[in-house]
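Provided below for reference: sequence and predicted model.
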Amino acid sequence: MNLPEFRLYYDENGNVLFYTCEKPIGNFIIIDQPTYAQGRVDIKIVNNQIETIYDKNIISKLVLADEGVACTTEDVSIISNNTDCKIWNLKSYED
């Protein structure tokens, strides 16, 4: 039985993009199951290590975008491959 590989994907600035067990192309680190389950976005990846941000407030929200996850036009929680969909991406604001 193959166990899933938990991955945390991040951008060029070390900001969290998403957590997944799939294997898309991009920058990622392999994490343990408890870290995956927490799904924290208030961390940064520095030198392939997780660093917690204590001195900043981070607010994240989904925004319409050109790249990201395609969802049905009726419900952002339903992923879709149809041409009639909206593309969403997670935008984070640091204070």
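Sure thing, it's come through.

please report the distance of the residue nearest the centre of the chain from residue 84.
Geometric centre of the chain, nearest residue: residue 18, 1.4 Å, by CA atoms, centre = their mean. Per CB to CB, to the nearest Å, residue 18 is found 24 Å from residue 84. Bear in mind the C-beta positions are built from the backbone N, C-alpha and C, glycine included.

likewise for residue 49?
42 Å.

check residue 7 too.
30 Å.

who has more neighbours, these two?
Remark: of residue 7 and residue 84, residue 7 carries more neighbours, 18 against 8, as counted by other CB atoms under 10 Å.

do you know the pLDDT at that one?
Note on residue 7: pLDDT of 96.

now swap in the one 4 residues further on and tell me
If you check residue 11, the pLDDT there is 92.

tell me the buried residues in the worst-scoring helix or strand of the chain on mean pLDDT?
One helix or strand of the chain scores below all others by mean pLDDT, DSSP states H and E: strand 85-94, with a mean of 85. Residues of strand 85-94 classed as buried by neighbour count (16 or more other CB atoms under 10 Å): 85-86, 88, 90.

show me what the lengthiest strand in the chain is packed up against.
When the chain is parsed with DSSP state E, its longest strand is strand 58-72. Contacts defined by 3 or more CB pairs under 8 Å, 6 or more residues apart in numbering; DSSP states H and E place strand 58-72 against strand 85-94.
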